[in-house]
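Q: Could you work out the structure for the sequence below:
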Amino acid sequence: MLCRPRPLPRFTAFVAAAALCSGLLAATPGLAQAGSLAGTTTFLGLEGEGDSINALSDALRWDLNQRGRDDGNTMSLAELKLTMGCGDNDVPCLAQGGATLGSDELVFGSMTRTGSGWTVRLESLNVGLGEINSSVERELSDAELSDAALSKTAASLLDALYKIKTTEADIPPPSSDAIGPLEPADGEGPKLKPKPEGALVWGPYSPRPTWKLAGVGVSAGLTLASLATAIGTTIAISDNGPIRKELIAAAERSLTDDKPSNNVDPATPGDLCPIARNAPDPSRPDEVTNAEMTRICIKAENVAAAATFSWVATGVFALSTAVFTTLLFVHKKDATVAKLIEHDVGFGGAPLQEGGFVFGGSMKF
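A: Alright, predicted model coming up:
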């Protein structure tokens, strides 16, 4: 038989609740100061591409983790938009995506190069209310994104986002496991060293850099062009090619013209060019036996040289195409790409019988 617990007297319950709240406030002064910060936060990263953007994004995630807010989800803003079908600035749609992830808050932003510095914008979205809580935009210099200043820069951005007034003592102590090993600066204490970029990985990713796509297109086009030239020139100088037939025809004409001195028997085995180029009079080495055939032989040599060059170029361009194609699938390990692969994001399409085309996608949660 189950025993139903007896309710606590009202005064006892009040004392217990007060003691519990006091303990929580003493253990987490930062959260008590933030007030509305309690909850689960999914950090969607910074939109942009580059080492500085990745480094600041990692530092922001680490700082959120030290504040006890980051839920560990590495989905990016682009991936969430892709999954939910959200447009730009579609806050209600993003809020629905956050609810699907089980988040109370989404933090995301962008980082763009502006002159000699950077423009960073961070936003906090309240998933339950479906609206932007707060946002902060700041101009950062390269010095503020250096190894020594990165941790403080990230903490300052989040303090501004959450409207928290902090001192040096409030900044969470650096952890050598969260972002990277500590590296002492000259005359100062240990500074946080951003975690280096991950190893190169193989797999599809998006968006692919334009220079990689251009490299594949240009090298593939040059490969096809040089291959066509190589095949054409090789056929031209073959035994049954047009240049050989032209040489035989010139030899046959030499037997019927009115110059017996230029006769070259077309049935002579081997190469006819040395015979045509032979000087009939040793005292006049600049003359040849058959001038017409000599011109054809010179043309054949030029075509042969072009064939050799074309085959070499084909090999070089083919290798270049292979390199650029490989680069299309090789990239630095990135949280967004890893998440897309983890969730088996895929797209497909098919023509409709009645006309038109249907396009769809899938994702594993």
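Q: contact partners of stretch 298-315?
A: Here stretch 298-315 makes contact (Cβ atoms under 8 Å, 6 or more residues apart in numbering) with 222-223, 226-227, 229-230, 233-234, 236-237, 243-244, 247, 273. Where C-beta positions appear, they are placed from N, C-alpha and C, glycine not excepted.
Q: can you rerun that using 10 Å?
A: Stretch 298-315 has contacts (Cβ atoms under 10 Å, 6 or more residues apart in numbering) with 222-238, 241-244, 246-247, 271, 273, 277.
Q: from these, which would you call buried?
A: Among the contacts of stretch 298-315, those classed as buried by 16 or more other Cβ atoms under 10 Å are 222-223, 226-227, 229-230, 233-234, 236-237, 241, 243-244, 246-247, 273, 277.
Q: got the residue ranges for the helices in the protein?
A: For the chain, helices defined by DSSP state H occupy the ranges 10-27, 29-34, 51-66, 77-84, 91-101, 150-161, 210-236, 242-256, 273-277, 291-329, 335-342.
Q: Those: lowest mean pLDDT?
A: Here the lowest mean pLDDT among these goes to helix 29-34, at a mean of 37.
Q: And the chain, split by domain according to the record?
A: Using automatic domain parsing, the domain ranges for the chain come out as 38-199, 215-309.
Q: now, of the ones you listed, which is deepest in the fold?
A: Of all these, domain 38-199 carries the top mean neighbour count, a mean of 17, counting by mean count of other Cβ atoms under 10 Å.
Q: what's the span of stretch 111-123 from first residue to last?
A: 12 Å (Cα to Cα, to the nearest Å).
Q: Averaged pLDDT, it. What do you get?
A: Across stretch 111-123, pLDDT averages out at 90.
Q: picking that back up, which one, of the helices of the chain, ends up nearest to residue 131?
A: Proximity to residue 131 (Cβ to Cβ) singles out helix 91-101 among those, at 6.4 Å.
Q: Report the inter-axis angle for the closest one versus helix 77-84.
A: On the basis of axes from the mean of the first three to the mean of the last three Cα atoms, to 10 degrees, helix 91-101 is oriented at 90 degrees to helix 77-84.
Q: Report all helices and strands that helix 91-101 contacts.
A: In terms of contacts (3 or more Cβ pairs under 10 Å, 6 or more residues apart in numbering; DSSP states H and E), helix 91-101 is packed against strand 41-47, helix 77-84, strand 105-114, strand 117-126, strand 131-140.
Q: For the ones you listed, could you give me TSV that also reports distance to residue 320?
A: Shown next, in TSV, are the helices and strands packed on helix 91-101 (distance: least, Cβ to Cβ, whole Å):
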stretch	distance to residue 320
strand 41-47	32
helix 77-84	30
strand 105-114	30
strand 117-126	34
strand 131-140	38
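Q: quick one on the thing from earlier: is it possible to get JSON lines of the helices of the chain that adds distance to residue 44?
A: Output for the helices of the chain, formatted as JSON lines (distance: least, Cβ to Cβ, whole Å):
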{"stretch": "helix 10-27", "distance to residue 44": "28"}
{"stretch": "helix 29-34", "distance to residue 44": "20"}
{"stretch": "helix 51-66", "distance to residue 44": "10"}
{"stretch": "helix 77-84", "distance to residue 44": "4"}
{"stretch": "helix 91-101", "distance to residue 44": "9"}
{"stretch": "helix 150-161", "distance to residue 44": "13"}
{"stretch": "helix 210-236", "distance to residue 44": "24"}
{"stretch": "helix 242-256", "distance to residue 44": "65"}
{"stretch": "helix 273-277", "distance to residue 44": "73"}
{"stretch": "helix 291-329", "distance to residue 44": "25"}
{"stretch": "helix 335-342", "distance to residue 44": "9"}
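Q: looking at these, which is closest to residue 142?
A: Taking Cβ to Cβ, helix 51-66 is the member of these nearest to residue 142, at 7.6 Å.
Q: How about exporting that closest one as CSV, limited to the C-alpha atoms?
A: C-alpha atoms of helix 51-66 as CSV (Å, rounded to 0.1, in the frame of the first residue of the first chain):
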residue,chain,number,x,y,z
ASP,A,51,39.8,32.1,-38.3
SER,A,52,39.0,35.2,-36.2
ILE,A,53,35.3,34.4,-36.4
ASN,A,54,35.8,30.8,-35.4
ALA,A,55,38.0,31.8,-32.5
LEU,A,56,35.6,34.4,-31.1
SER,A,57,32.7,31.9,-31.6
ASP,A,58,34.6,29.3,-29.6
ALA,A,59,35.4,31.8,-26.9
LEU,A,60,31.7,32.9,-26.6
ARG,A,61,30.7,29.3,-26.3
TRP,A,62,33.3,28.6,-23.6
ASP,A,63,32.2,31.7,-21.6
LEU,A,64,28.5,30.6,-21.8
ASN,A,65,29.6,27.2,-20.6
GLN,A,66,31.5,28.7,-17.7
